[in-house]
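1. Turn this into a model:
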Amino acid sequence: MLKSILLLTATLVLATSLPVRGAGIMTLIPAGGDLSGMPGATVGWGFSLTGDADYYTVFSDVTYNSLAGWGDFTGYLADLGSFIVDPGAMVTHPFDADLQTGVGSFFIHLDANPGFMTTGIIDATYGLFRISPDDLAFDPDSDIISLDNRFSNPARVTVDPVPEPSTFFLLGAGLGGLMLQRRSEERTALK
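-> Residues are numbered from 1 along each chain as shown. Have a look, this model is predicted:
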């Protein structure tokens with residue numbers, strides 16, 4: 001019994017004496033990372049990030065790891081140059097294909113079949129730094145805490161069905177029929 005108490009006490013002392021780092025959290029927008037679009041469309045993910053509590057978070061790359069052969073991923077985070085998040089700060093970047101904001105985009109090829117779906121992982125690679133790499137006092141020998149860390153989020157893209165021309169024809173014919181019926185009723189009411 002005394003041995004168990006000593007072991008528990010030693011574990012608690014050791015655990016409280018180690019530095020505690022609050023790892024950052026990155027979530028995709030839309031929540032869950034599920035996107036859909038028609039062939040020829042560009043869809044994409046935004047993100048919300050709470051940076052590490054103690055260190056600067058600096059992104060270096062983003063990838064979408066999937067087996068989709070019917071679309072192409074383009075990552076935006078590395079294109080932002082030095083994308084730096086202050087310690088404990090929260091930033092949100094919605095997806096915008098024109099401004100290339102967010103995590104990245106997925107172009108759905110024109111020949112993609114409706115119902116195709118790809119499930120994969122978006123990996124955002126980042127480093128933690130004691131001071132901002134943009135600071136003139138930055139010293140790579142002493143201010144880099146760690147490199148090649150990853151935020152990983154599941155993500156999925158589904159190809160929506162393209163409306164068939166026959167569907168448009170039937171809808172138009174139905175609307176035309178309703179308009180003719182209404183005119184006929186209006187003429188009958190005027191007589």
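2. where along the chain do the helices fall?
-> Secondary structure of the chain by DSSP state H: the helices cover 2-17, 140-143, 165-190.
3. per-stretch mean pLDDT over the ones you listed, give me the minimum one.
-> Of all the helices of the chain, mean pLDDT reaches its minimum on helix 2-17 (a mean of 37).
4. Mind listing what's buried along the lengthiest strand in the chain?
-> The residue-count maximum for a strand in the chain (DSSP state E) belongs to strand 144-159. Neighbour-count burial for strand 144-159, counted by 16 or more other C-beta atoms under 10 Å, picks out 144, 149, 151, 153, 155, 157-159. C-beta: built from backbone N, CA, C; applies to glycine.
5. what do you get for stretch 134-143?
-> residue 143.
6. Run through who's touching it.
-> 82, 84, 129-133 (C-beta atoms under 8 Å, 6 or more residues apart in numbering).
7. same question, stretch 46-57
-> Outside stretch 46-57, the residues touching it (C-beta under 8 Å, 6+ apart) are 21-30, 84-95, 101-103, 124, 126-133, 145, 151.
8. Filter those down to the buried ones, PyMOL style.
-> Command for PyMOL, covering only those of the contacts of stretch 46-57 found buried under the criterion 16+ other C-beta under 10 Å:
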select buried, resi 24+26+27+28+29+84+85+87+93+95+101+102+103+124+126+127+128+129+132+151
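9. Among the contacts of stretch 46-57, which lie within strands?
-> 25-29, 84-85, 90-93, 124, 126-129, 145, 151.
10. so what pLDDT did the residue nearest to residue 32 when sequence neighbours are not counted get?
-> Spatial nearest neighbour of residue 32, excluding adjacent residues (C-beta to C-beta, 6 or more residues apart in numbering): residue 154 at 7.6 Å. For residue 154, the model assigns a pLDDT of 95.
11. Over to the one 5 residues further on?
-> You'll see residue 159 listed with a pLDDT of 95.
12. Just list whatever residues bridge to it.
-> residue 37 (DSSP bridges).
13. Spit out the contact partners of it.
-> 36-39, 70, 108, 112-117.
14. can you pick the most crowded of the residues you listed?
-> residue 108 (25 neighbours; other C-beta atoms under 10 Å).
15. Double-check it against residue 39; I have them as touching.
-> Yes: contact criterion C-beta atoms under 8 Å: residue 108 and residue 39 qualify, at 5.5 Å.
16. Which pair of the contacts of stretch 134-143 spans the longest distance?
-> 82 and 130 (15.5 Å; C-beta to C-beta).
17. so what pLDDT did residue 69 get?
-> 84.
18. State the distance from it to residue 118.
-> 9 Å (C-beta to C-beta, to the nearest Å).
19. count of residues packed around residue 74?
-> Residue 74, neighbours per other C-beta under 10 Å, totals 15.
20. wouldn't it be in contact with residue 104 here?
-> Yes: Residue 74 lies in contact with residue 104 (C-beta under 8 Å); the separation is 5.5 Å.
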